[in-house]
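>>> what's the 3D shape of this:
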Amino acid sequence: MSSTTAVSGVRDHDDQGRPRLIDMVRQLEPEIRAIEREMDERREVPQELTDALYDMGVYRSWLPAELGGLEVDLIEWLECIEEAARINGSIGWLCMLHRGDTSIPAVTMRKILEQGRWITAGNLGRAAGKAVKVEGGYRVSGRWPFSSGAPEATWFFGRSVLHGEDGEPVIDPRNGMPLTMVPYFPASDVILHDTWDGLGLRATGSGDFEVIDAFVPDELMDESGFHSRPYDGPLYRGRFFQLGQGAHTLGMARAAIDAFIDLAHQSARRGSYRQARLGREQVHQLALAKADSMVRAGRAFLWEIAEAGYEQAKHQEVLDFELRVRIHQANAFAVSLARKAVQLVFEQAGSPTVYRGHALERIHRDMETGAQHALVAESSLDRVGQYLISRDLPGGPEIELGGIGFILGPYPQNERSAESGR
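As a prediction, the model looks like this:
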């Protein structure tokens, strides 16, 4: 492993002396390395690895402490996602998504956890479900794509449009758009469709899931329509989970840099002039220096904004609007820089990296797949530019960035009620 893997700012333990998530993930690195190709071929992770990540607490990192979760510090979580992605892009992606957060009130969550694990998969970006109010709950049907981690999930969620008795969508008076909600389904109610055969992040099992006329009781329906949080604490006072994508791509970019350096130190095959010169040409050195600088710059910005946001969340329930804009800016920009860094070293590494199984080949595929997510599209940075010019955005705090509902507005207020069991 190249020495460039070491990154400043990583702490060994939390304030209570608990081993940090990053160290837990590192313990699994040899096991993950040994089965990388198998995971890609199966397009999912083995149950043994899911068990380990759950038992260690990585898949319970955002589960509220009152429910037996870790409710970790935001920076500790970002370090964990970055490191998991450095080891393997698919594992990093699943660690980012299987974090254990919930918008279900505590009294109901306790019943769920008594019966088994809370590992979720779903889709908030597409309102692909149809919900109809019935006595005691809702009837929901729909099919959602890109449900990463579906094979191991115990619960599913899918954004759905509420329909009235006339069969027409109910209109939200706040914005004139169809009213959406987020129902939760136990895995027993779900049909999985093996549609995931993507370019990269192949082991994430990101296929479709479907429910047909499933009954969802009131307590399992998030009526806010966008994953509200009925729990207090700084981790839940902003959409900090979005920052995981920046950390994920930075981890993969760091892995690409390490792989390039390792390749430069390998002996060249007989007759391979390009391999013999790899790392010795100025163009290689320039690309490596630029890639390393990009990753460090993207990380510094992302961590700076994450720390500022998390600190503010400790003292107030709603983050300042400008800080919410900066969170999106830092996240999308980190992804953009990481993607360019990987492309730089991939182009200079030459023909060995086009073969399936080479570290750079897999990282390149994983990066191109993860960076395609609408949430972090580089084009969404135009909204940040608009804000910098006018100190406002068309539509105010409800404006969507990135195409899947990165709403700059705060989570719905007054969610923490006696109903939550708190």
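>>> Residue 391 and residue 384, how far apart?
12 Å (Cβ to Cβ, to the nearest Å). To be clear about C-beta, it is placed using only N, CA and C from the backbone, and glycine gets the same treatment.
>>> So for the two, which residue has more residues nearby?
Between residue 391 and residue 384, counting by other Cβ atoms under 10 Å, residue 384 is the more crowded of the two (18 against 10).
>>> The residue nearest to residue 255 when sequence neighbours are not counted: neighbour count?
Take residue 255 and drop its neighbours on the chain: the residue closest to it by Cβ to Cβ, 6 or more residues apart in numbering is residue 86, 4.5 Å away. Close neighbours of residue 86, defined as other Cβ under 10 Å, add up to 27.
>>> what's the answer for residue 170, then?
By the measure other Cβ under 10 Å, the count of residues near residue 170 is 17.
>>> was I right about it contacting residue 160?
No. Under the criterion of Cβ atoms under 8 Å, residue 170 is not in contact with residue 160, lying 11.2 Å apart.
>>> can you tell me which strand in the protein is longest?
strand 208-217 (DSSP state E).
>>> And that one, what does it pack against?
strand 129-134, strand 137-144, strand 155-158, strand 180-186, strand 191-193 (3 or more Cβ pairs under 8 Å, 6 or more residues apart in numbering; DSSP states H and E).
>>> Identify the residues contacting the nearest residue to residue 102 once chain neighbours are set aside.
Nearest residue to residue 102 in three dimensions, chain neighbours excluded: residue 109, at 5.8 Å (Cβ to Cβ, 6+ apart). For residue 109, the contact set (Cβ atoms under 8 Å, 6 or more residues apart in numbering) comprises 67, 102, 118.
>>> same check, this time on residue 313
234, 235, 237, 238, 240, 319.
>>> For residue 57, state which of these is nearest.
Nearest to residue 57, judged by Cβ to Cβ, of the contacts of residue 313 is residue 235 at 14.3 Å.
>>> The closest one: what secondary structure?
Residue 235 carries the three-state label helix when classified by DSSP: H, G, I helix; E, B strand; the rest coil.
>>> For residue 65, see how far away it is.
Counting by Cβ to Cβ, the gap from residue 235 to residue 65 is 10 Å.
>>> now swap in residue 143 and tell me
Computed as Cβ to Cβ, the residue 143 to residue 65 distance reads 35 Å.
>>> Compare the two (neighbour count), which wins?
Neighbours per residue (other Cβ under 10 Å) separate residue 143 from residue 65, with residue 143 holding more: 18 against 12.
>>> Mind pulling up the pLDDT for the more buried one?
Predicted confidence (pLDDT) for residue 143: 96.
>>> Hmm, residue 192 and it touching each other?
No. Assessed by Cβ under 8 Å, residue 143 is found out of contact with residue 192, at 10.7 Å.
>>> so what pLDDT did residue 399 get?
45.
>>> so which strand or helix has the residue nearest to residue 255?
Per DSSP states H and E, residue 86 falls inside helix 74-87.
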